[in-house]
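Student: 3D model of this:
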Amino acid sequence: MTILLRPKPNLKMAKRSETSTMSFRLPLFFTISSIFIYHPTAAYSIGINYGTVADNLPPPTQVAAFIKAQTTIDKVKIFDANPDILQAFANSGIAVTVTVANADIPTVAQLSAAQSWVANNILPFYPHTKIIRIAVGNEIIATADKNLIAHLLPAMKALHSALNLARIADVQVATPHSMGILSTSSPPSSGKFRRGFDESIFVPMLEFHRQTKSPFMVCPYPFFGFTDRTLDYALFRPNGGVFDEATGLNYTNMFDAQLDAVFSAMKRVGYDDVDIVVAETGWPSAGDPGQLGVGLENAASYNGNLIRKVNSGEGTPLMPNRTFETYVFSLFNEDLKGSTSERNFGLFRSDLSPVYDVGILRNGQAGGPTPETPTAPSPSDSSRKWCVPKHDAGEEALQANIDFVCGSGVDCSPIQDGGPCFEPDTVRSHAAFAMNGYYQANGGNNFDCYFFSTGVITVADPSYKARQYIA
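Tutor: Predicted coordinates:
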């Protein structure tokens, strides 16, 4: 398939071909709609999953202070109702979602037990700790435990009633679901709930959400759904997209496709008015030898682009102009989890240093991957950075970078014939201008200079004569 980008006069343009599991042939309007340039006027905000399956994490008081002072994280979801964590976030202004353990669901399905749970886990901390939601279990349908599934909605209703009896009206009750709740998800418009669960489980649950104005929580993980052919599609990187023939919409990333598949399933049973919250999503920065797709660059690409996307307000093809409360998984690398990849989903190490930069640090420090170290300039320029091609980047790859950047909204007129930066008329020179323009337009995050490992950040000003590179 061929990627159709807006042509720029007198620029060397290259055609690229990719393959996909679904056909597509779209005009530019639809192809570019989900490849966006976000110009930040404020720091990105995001929610985070704060897991504690580790033996080397700092105390909750230190974690809460770090999140509040050093990051733009404004929401935290924990996998229990740990009193030390809840106390640590008191008066922080950070919204907290607590979780009822899976094993406790049958018990709290009884109103008296639900009242006790609220009395023990909510009332001692609320409202000083900004508890906004109780998550009842985690991915219960995926457990296939008939007892837990049967008691899930009764537990949600009982906890909601317990909150009302305690005169708490601003704490929601919900439950996170894996993507396994869908029997069909591709193309997104075909999304439907698993047979046998649609009418018996999800219709009454969605009715509960509608009546209580609470969200349907899902855990879309492109990491668990990509193949070697769809890696760029999963990572929000330039790709041809996937065309949904039923709607005429083109999807340029798997995250949008997964959310729209859930939306389609909800719409199919009459509940497309219920809000969707992304309870978990993420990408590991390390994995076992030979494990496909894992690594620092890919994790930075996925999470960085995800955070930028959910802050943009662009929504998805089926849900345009919507924002989605989103919780990245996870805050820390957790050293007591099973596989290598499971232990490396964190944005931060246990010493609170960033594993890589995703644009959420208040002081602008970056822990992201910088492939090469260029010659150092004078100290007065040390705070300025540019994105340029690596010395060994090939012309075909650089031409692809030009095609993507100039078709995504960055002004490439200076490198058109007659423009101030047209000379020297080489692919490498034009690519340097385009790549730096994209990097700067998106806030100068390390992952915006990745370009399939053809870009490198430099602190040596590449400007010369009339060609001035912004920084």
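Student: May I have the beta-bridge partners of the closest residue in space to residue 160 that isn't next to it in sequence?
Tutor: Closest residue in space to residue 160, ignoring its immediate chain neighbours: residue 173 at 4.7 Å, by CB to CB, 6 or more residues apart in numbering. Placement of C-beta: from N, CA and C, glycine included. Residues in a beta bridge with residue 173, per DSSP bridges, are residue 134.
Student: Report the contact partners of residue 173.
Tutor: 133-134, 136, 156, 159-160, 163, 212, 214 (CB atoms under 8 Å, 6 or more residues apart in numbering).
Student: want to throw those into JSON lines with secondary structure, distance to residue 196 and neighbour count?
Tutor: As requested, these are exported to JSON lines (DSSP: H, G, I helix; E, B strand; the rest coil; distance: CB to CB, whole Å; neighbours: other CB atoms under 10 Å):
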{"residue": "133", "secondary structure": "strand", "distance to residue 196": "28", "neighbour count": "23"}
{"residue": "134", "secondary structure": "strand", "distance to residue 196": "27", "neighbour count": "28"}
{"residue": "136", "secondary structure": "strand", "distance to residue 196": "21", "neighbour count": "30"}
{"residue": "156", "secondary structure": "helix", "distance to residue 196": "20", "neighbour count": "27"}
{"residue": "159", "secondary structure": "helix", "distance to residue 196": "25", "neighbour count": "25"}
{"residue": "160", "secondary structure": "helix", "distance to residue 196": "25", "neighbour count": "22"}
{"residue": "163", "secondary structure": "helix", "distance to residue 196": "31", "neighbour count": "23"}
{"residue": "212", "secondary structure": "helix", "distance to residue 196": "25", "neighbour count": "16"}
{"residue": "214", "secondary structure": "coil", "distance to residue 196": "24", "neighbour count": "21"}
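Student: any chance of those residues in TSV, plus pLDDT and distance to residue 256?
Tutor: TSV is the format used below for the contacts of residue 173 (pLDDT from 0 to 100; distance: CB to CB, whole Å):
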residue	pLDDT	distance to residue 256
133	98	24
134	98	28
136	98	27
156	98	28
159	98	32
160	98	31
163	98	33
212	98	27
214	98	23
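Student: and which of the residues you listed is nearest to residue 235?
Tutor: When the contacts of residue 173 are compared for distance to residue 235 (CB to CB), residue 133 wins out at 29.1 Å.
Student: you'd agree the closest one is up against residue 175?
Tutor: No. The pair residue 133 and residue 175 fails to qualify as a contact (CB atoms under 8 Å) at a distance of 10.2 Å.
Student: Residue ranges in the protein under the pLDDT threshold?
Tutor: Counting by pLDDT under 70, the chain contains low-confidence residues at 1-43, 363-383, 464-469, 471.
Student: now with 80?
Tutor: The chain contains residues with pLDDT under 80 at 1-44, 363-384, 391-393, 408, 442-448, 450-453, 456-471.
Student: all helices for it, in order.
Tutor: 28-32, 60-70, 83-88, 105-108, 111-121, 140-143, 146-165, 203-212, 231-234, 254-268, 296-312, 395-407, 427-441 (DSSP state H).
Student: Looking at these, which is nearest to residue 454?
Tutor: helix 395-407 (4.9 Å).
Student: Can you give me the distance of residue 148 to residue 196?
Tutor: 16 Å (CB to CB, to the nearest Å).
Student: between these two, which one's more packed in?
Tutor: Neighbour tally, residue 148 and residue 196, criterion other CB atoms under 10 Å: the higher count belongs to residue 148, 17 against 9.
Student: pretty sure that one contacts residue 137?
Tutor: Yes. Between residue 148 and residue 137 there is a contact at 6.8 Å, judged by CB under 8 Å.
Student: okay, and the common contacts of those two?
Tutor: With CB under 8 Å, 6+ apart as the test, residue 148 and residue 137 both reach 102, 105.
Student: what's the spacing between the residue nearest to the spatial centre of the chain and residue 139?
Tutor: For the chain, residue 306 is the residue whose C-alpha lies nearest the centre (CA atoms, centre = their mean; 3.1 Å). Counting by CB to CB, the gap from residue 306 to residue 139 is 20 Å.
Student: check contacts around residue 228.
Tutor: Contacts of residue 228 (CB under 8 Å, 6+ apart): residue 292.
Student: roughly how far apart are it and residue 49?
Tutor: 28 Å.
Student: cool, and residue 154?
Tutor: Distance from residue 154 to residue 49, by CB to CB: 26 Å.
Student: Equivalent analysis for residue 281, please.
Tutor: For residue 281, the distance to residue 49 - CB to CB - is 9 Å.
Student: residues shared between the contacts of the two?
Tutor: 327-329.
Student: if I look at residue 241, how far off is residue 251?
Tutor: 6 Å.
Student: cool, and residue 81?
Tutor: From residue 81 over to residue 251 (counting by CB to CB), the distance is 38 Å.
Student: Same question for residue 342.
Tutor: On the measure of CB to CB, residue 342 and residue 251 end up 28 Å apart.
Student: Look at these two and report which has more neighbours.
Tutor: residue 251 (29 against 14).
Student: Could I get the contacting residues of the closest residue to residue 111 other than its chain neighbours?
Tutor: Using CB to CB, 6+ apart and skipping the chain neighbours, the partner closest in space to residue 111 is residue 158 (5.0 Å). Listed by CB under 8 Å, 6+ apart, the contact set of residue 158 reads 108-111, 113-114.
Student: which residue packs closest to residue 272, ignoring adjacent ones?
Tutor: residue 266 (5.3 Å).
Student: ditto for residue 135
Tutor: Residue 135 sits nearest to residue 99 (CB to CB, 6+ apart), 4.5 Å away.
Student: Let me see the contact set for that neighbour.
Tutor: Residue 99 touches 77-81, 134-138, counting by CB under 8 Å, 6+ apart.
Student: Can you say which of those are buried?
Tutor: 77-79, 81, 134-138 (16 or more other CB atoms under 10 Å).
Student: The closest residue in space to residue 358 that isn't next to it in sequence: neighbouring residues, count only.
Tutor: The shortest distance from residue 358 to any non-neighbouring residue, by CB to CB, 6+ apart, is to residue 304 (4.4 Å). Using other CB under 10 Å, residue 304 has 27 other residues around it.
Student: can you check residue 417 too?
Tutor: 11.
Student: Give me the neighbour count for the residue nearest to residue 122 when sequence neighbours are not counted.
Tutor: Closest residue to residue 122 in three dimensions, ignoring its sequence neighbours and counting by CB to CB, 6+ apart: residue 131, at 6.1 Å. By the criterion of other CB under 10 Å, residue 131 has 23 neighbours.
Student: how far away is residue 131 from residue 311?
Tutor: Taken as CB to CB, the span from residue 131 to residue 311 is 24 Å.
Student: again with residue 103
Tutor: From residue 103 to residue 311 the distance is 36 Å (CB to CB).
Student: between the two, which one's more packed in?
Tutor: residue 311 (19 against 10).
Student: So residue 183 is in contact with residue 192, correct?
Tutor: Yes. With contact defined as CB under 8 Å, residue 183 reaches residue 192; the gap is 5.7 Å.
Student: still on that earlier bit, most neighbours among the contacts of residue 158, please name it.
Tutor: residue 114 leads these on contacts (other CB under 10 Å) with 28 neighbours.
Student: need the contact list for that one.
Tutor: Taking CB under 8 Å, 6+ apart, one finds 108, 155, 158-159, 161-162 in contact with residue 114.
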